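1. A predicted structure for the sequence below; I have some questions about it.
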Amino acid sequence: MRTLINIELYKIFKRPRTYIAFAAITALIVMIQFGLKVDGKTYVDFMLNDLGSTLEIDGNIMNGYLVCYVMLQLLLVHVPLLIALIAADMISGEANMGTLRVLLSKPYSRTQFMLAKFIASTIYTLLLLVWLAFLALFVSMWIFGTDDMFLMKSSYVVLLKENDVFWRYIGAFGFAALAMTTVAALGFFLSVFAENSIGPIVATMSVIIFFTILSTMNIPVFNLVKPYLFTTHMIGWKEFFDIQVTDTNEAIVGSIQYPERIINSSIVLLIHIILFVVAAIVVFRKKDVLS
Amino acid sequence: MLYMEMQEIIQVKGLTKSFKNLTAVDNLSFSVREGDVYGFLGQNGAGKSTTIRMLLTLIEPTAGSIDLFGLSLRSHRTEILRQIGAVIEKPDVYKYLSAIDNLQLFARLSGLKPTQQQLMQQLEMVGLAPRAKDIVKTFSQGMKQRLGIAVALVHNPKLIILDEPTNGLDPQGIADIRNLIRHLSKDLNKTILVSSHLLNEIEQIATRVLIIDKGKKLVEGSAAELFDPAQTLIELETLDNESAYHKLLQSKWSPALQPRRSNTILIKLHRDHIPNLHRELVALDISVLSLQPKHSLEDFFLQVTSGQYANTH
């Protein structure tokens, strides 16, 4: 099994396509960092426009923690496309090249092949997130420095102490890894049905877009299905940045406002991953390889 | 543990594969013996590739059994596949990797860790050593085909399955593959199952032949058994075929005359009687342009697929 995983990783990282995602993330982050470094004050003024008369704020608001949060909000919506490029190609790409026939005539079971391929695509997903974390968090901390983190929510503001932020990012990236692995599992599942890469990649993105629209629409009839859609739970990483307050409205350092939401979302995502992967294996085991 | 003393490497019984409204392989039975170069013949769509895919567990049979090396494929899949190398329809390699990287990858898939020298020896055998480090994307069809065969051989399998290995190759490429198959059989004692619709190619290399049509077995046997010299077909072309045909109808060769194909005259006789026929044609004042023994697999194949063989055997 380890040999199979190593071979799958070798194949992934030998393909030029793999590096598109890393290059795209690098370009986007560098661009945002450049923009905020050059014109961050205007951005902060715009953000605090409504609060200027009620709050007096000083210190380094545009610090590395806030920059990272801004980037995660922007990028985590688009990263699924980059993951689908690889995950949705895992089986269909081999079928398209004809190599699937040779692979399956080797002395391994189809289940072993599928698990090795899924694990390899998960490792790719995690590496992509590690790269995202390195650039968005660590490089931003180095460029913009660190300070307390000031967040504007829809009806309130959150102020997190500088020493209370870093662990939240570890949690947020851990949760994002689960969310992105769900995307990888969906792409992987869809790749079983096709013999070219484009179909499953487009299908994966279509499912995500469709479910995201359902998740965000406030129409009662859709509210029934929302809790079961994985897209509803993919933004659960934001919960790490909501903090509990005392009766006197003082922030409790090290707390999370709704930890049960994170647990609930994690379980829903985990169930989706298991369902997608098991379904992919079941379908693939019965599939006649005619390509 | 595989036991190697057995005679039959492949034994297929009652193999059937149906796809919705189509029966691609219909109650097919055959066996391949150790050391055979087994020619698997049939027209396009006859069911050759489907059968080969079932032998490699790429397709699940609807009915029937497959034993390889004396073991059931269903219950000993992994052990059996370790002993098989295959090229299915076209060379299946990673185009973004070099030839030697492809070979190494598939060797690792077979649980081997060959040295660079061993890999180069494999590439040498198929004539690709000078291009070992080149990306496969830059290879010609013939080079890809030879690399596919090197990949199939990298784990030193006992049985080699080649599905249409000469597809898309130029005459030199076809000759190279033919020579390679001979080398594998004679020098390395491999058992080889090779499918093709290029009948003359199979005729030159096969020790035994199976011909299928519409998924059904038409005939199976050794090349010597199937190509009986007493059934040699002569293709005769003259200045005036109509007149020559009528003269032959009046002669002692009349029973040997065959139904005409296009404008040529066909005569079936024992190969030893060809000189007599030649003399008789001169005596009958027939101006011969060509007299060609057509006892090739191609004619044999046309006979069996048109039902003539079944009527006479």
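-> Great, that's in hand.
2. where does the chain dip in pLDDT?
-> By default, I'm working from chain A. Confidence mapping of chain A against pLDDT under 70 gives the ranges A:50-57, A:154, A:291.
3. meant chain B actually
-> Within chain B, the stretches with pLDDT under 70 are B:1-6, B:198, B:200, B:224-225, B:227-229, B:261-262, B:294-313.
4. need the strands for it, in chain order.
-> B:8-19, B:22-33, B:37-41, B:63-68, B:71-72, B:84-88, B:159-163, B:191-196, B:208-213, B:216-222, B:232-238, B:257-261, B:264-269, B:288-293 (DSSP state E).
5. for the last one, buried residues please.
-> Buried residues in strand B:288-293, counted by 16 or more other CB atoms under 10 Å in any protein chain shown: B:Leu291. C-beta here means a position set from N, CA and C on the backbone, and glycine is covered the same way.
6. what sits up against it?
-> With contact meaning CB atoms under 8 Å, 6 or more residues apart in numbering or on different chains, strand B:288-293 is reached by B:232-239, B:271, B:274, B:277-278, B:281-282.
7. and it, which strands flank it?
-> Here strand B:288-293 is paired, per DSSP bridges, with strand B:232-238 (antiparallel).
8. do the third one as well
-> Neighbouring strands of strand B:37-41 in its sheet, by DSSP bridges, are strand B:191-196 (parallel), strand B:208-213 (parallel).
9. can I get those in TSV with mean neighbour count and distance to A:Tyr156?
-> Below are the strands paired with strand B:37-41 laid out as TSV (neighbours: other CB atoms under 10 Å in any protein chain shown; distance: least, CB to CB, whole Å):
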stretch	mean neighbour count	distance to A:Tyr156
strand B:191-196	24	72
strand B:208-213	24	76
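10. residue contacts, residue 277?
-> With no chain named, the answer covers chain A. Contacts of A:Val277 by CB under 8 Å, 6+ apart are A:114-115, A:118, A:185, A:188-189.
11. wait, I meant chain B there
-> B:234, B:253, B:267, B:269, B:291.
12. if I look at it, how far off is chain A?
-> 50 Å (CB to the nearest CB, to the nearest Å).
13. and the strands of chain B: which comes nearest A:Ala88?
-> Of all the strands of chain B, it is strand B:84-88 that lies closest to A:Ala88, at 24.5 Å by CB to CB.
14. just list what the closest one packs against, helices and strands only.
-> helix A:99-104, helix B:48-55, helix B:141-153, strand B:159-163 (3 or more CB pairs under 8 Å, 6 or more residues apart in numbering or on different chains; DSSP states H and E).
15. in stretch B:55-73, what's buried?
-> For stretch B:55-73, the neighbour count (16+ other CB under 10 Å) marks B:55-59, B:61, B:64, B:66-71, B:73 as buried.
16. show me what stretch B:208-224 is in contact with.
-> Stretch B:208-224 has contacts (CB under 8 Å, 6+ apart) with B:17, B:23-30, B:32-33, B:36-43, B:46-48, B:50-51, B:202-203, B:206-207, B:226, B:297, B:301, B:304-305, B:309-310, B:313.
17. take the contacts of A:Val277 and keep only those in helices.
-> In helices, judged by DSSP state H, the following of those are found: A:114-115, A:118, A:185, A:188-189.
18. of those residues, which is the most crowded?
-> Counting neighbours by other CB atoms under 10 Å in any protein chain shown, the top entry in the ones in helices among the contacts of A:Val277 is A:Phe188, with 31 neighbours.
19. touching, that residue and A:Ile119? I think so.
-> No. Counting by CB atoms under 8 Å, A:Phe188 sits too far from A:Ile119 to count as a contact (10.4 Å).
20. need the overlap of contacts for the two.
-> What both A:Phe188 and A:Ile119 touch, as defined by CB under 8 Å, 6+ apart, is an empty set.
21. chain neighbours aside, what residue packs nearest to A:Ile243?
-> Sequence neighbours aside, A:Ala251 is the residue nearest to A:Ile243 in space, at 5.0 Å (criterion: CB to CB, 6 or more residues apart in numbering or on different chains).
22. any idea how many residues pack against that neighbour?
-> Residue neighbour count, defined by other CB under 10 Å, stands at 15 for A:Ala251.
23. now do B:Leu159
-> Neighbours around B:Leu159, by other CB under 10 Å: 22.
24. do A:Leu72 as well
-> Residues lying near A:Leu72 (other CB under 10 Å) number 22.
25. am I right that it falls within a strand?
-> No. A:Leu72 sits outside any strand when classified using DSSP: H, G, I helix; E, B strand; the rest coil, being helix.
26. flag every buried residue along the host helix or strand of A:Val283.
-> A:Val283 is located in helix A:259-286, with elements delineated by DSSP states H and E. Neighbour-count burial for helix A:259-286, counted by 16+ other CB under 10 Å, picks out A:262, A:265-266, A:268-269, A:272-273, A:276-277, A:280-281, A:284.
27. just stretch A:202-214 next, same as before
-> Buried positions in stretch A:202-214, judged by neighbour count with 16+ other CB under 10 Å: A:203-205, A:207-208, A:211-212, A:214.
28. pretty sure B:Leu119 is touching B:Asp101, no?
-> No. Shown here, B:Leu119 and B:Asp101 do not form a contact pair, counting by CB under 8 Å, at 9.4 Å.
29. centre of the chain to stretch A:31-40, how far?
-> Mean-position distance between stretch A:31-40 and its chain equals 23 Å (CA atoms, centre = their mean, to the nearest Å).
30. wondering if the longest helix along chain A reaches chain B at all.
-> Ranked by residue count, the top helix of chain A under DSSP H comes out as helix A:18-47. No. Contact between helix A:18-47 and chain B is absent, the nearest approach being 10.5 Å (criterion: CB under 8 Å from any CB of the partner chain).
31. who are the packing partners of that helix?
-> Contact analysis of helix A:18-47 by 3+ CB pairs under 8 Å, 6+ apart lists helix A:64-75, helix A:79-87, helix A:110-133, helix A:140-144 as its packing neighbours.
32. which parts of the longest helix seen in chain B are buried?
-> Counting by DSSP H, the longest helix found in chain B is helix B:171-186. Neighbour-count burial for helix B:171-186 flags B:173-174, B:176-178, B:180-181, B:184-185 (criterion: 16+ other CB under 10 Å).
33. quick check: residues of the stretch 101-250 of chain B near chain A?
-> Proximity of the stretch 101-250 of chain B to chain A (CB under 8 Å from any CB) is limited to residues B:101, B:105-106, B:108-111, B:151.
34. which among those count as buried?
-> Neighbour-count burial (16+ other CB under 10 Å) applied to these gives B:101, B:105-106, B:108-110, B:151.
35. got the domain ranges for chain B?
-> Listed by automatic domain parsing, the domain ranges of chain B are B:8-225, B:229-294.
36. deepest-packed of those, please.
-> By mean neighbour count, with neighbours taken as mean count of other CB atoms under 10 Å in any protein chain shown, domain B:8-225 ranks first of the domains of chain B at a mean of 19.
37. can I assume B:Thr47 is in contact with B:Val25?
-> That one is not Thr; residue B:47 is Gly. Yes. Between B:Gly47 and B:Val25 there is a contact at 4.5 Å, judged by CB under 8 Å.
38. circling back: just send the ones in helices among the contacts of A:Val277 back as TSV, with distance to chain B too.
-> Putting the ones in helices among the contacts of A:Val277 into TSV (distance: CB to the nearest CB, whole Å) gives the following:
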residue	distance to chain B
A:Met114	15
A:Leu115	15
A:Phe118	17
A:Ala185	24
A:Phe188	19
A:Phe189	21
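39. out of the residues you listed, what pair is the most spread apart?
-> Across the ones in helices among the contacts of A:Val277, the longest distance by CB to CB is 13.5 Å; it joins A:Leu115 and A:Phe189.
40. B:Gln104 versus B:Pro114, what's the distance?
-> The gap separating B:Pro114 from B:Gln104 is 7 Å, by CB to CB, to the nearest Å.
41. swap in A:Val268?
-> Where B:Gln104 is concerned, A:Val268 sits at a distance of 42 Å (CB to CB).
42. and what of A:Asp247?
-> Per CB to CB, A:Asp247 is found 67 Å from B:Gln104.
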